[in-house]
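In: next input, structure requested:
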Amino acid sequence: MRLPPPSPPSPRLAPPFNAQLRQIDNIIDNYITEEEFNETNRLNDTILEDLIKVRDECKDVAIVATASEMYWASRCGC
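Out: I've put the predicted structure just below:
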């Protein structure tokens, strides 16, 4: 007598959610190499340095604008 083919596994036997999360973590860990991670950090540092320069330049412009406004205000008696 022949046995019937095995039935597909029931959903109750699916791997637990935490195991699936570990698999996802492993994929992410293997996708981004340490070198790529370091390169991303270097890019972020460069962007941060650029933002600091822009901020400082904007402060300088604001100070010049304020001095100019004060000069013209004193000239016109405002």
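In: residue contacts, residue 56?
Out: Residues counted as contacts of residue 56 (C-beta atoms under 8 Å, 6 or more residues apart in numbering): none. Heads up, the C-betas are built off the backbone N, CA and C, glycines and all.
In: for residue 41, see how far away it is.
Out: 22 Å (C-beta to C-beta, to the nearest Å).
In: same check, this time on residue 48
Out: Here the distance between residue 48 and residue 41 works out to 10 Å (C-beta to C-beta).
In: also residue 31?
Out: Computed as C-beta to C-beta, the residue 31 to residue 41 distance reads 17 Å.
In: same question for residue 57.
Out: To residue 41, residue 57 is 25 Å away according to C-beta to C-beta.
In: ok, residue 23 next?
Out: Distance of residue 23 to residue 41, given as C-beta to C-beta: 26 Å.
In: same thing with residue 75?
Out: Counting by C-beta to C-beta, the gap from residue 75 to residue 41 is 51 Å.
In: next, count neighbours for residue 71.
Out: As a burial measure, residue 71 scores 10 neighbours (other C-beta atoms under 10 Å).
In: ok, now which ones touch it?
Out: Applying C-beta under 8 Å, 6+ apart to residue 71 gives no contacts.
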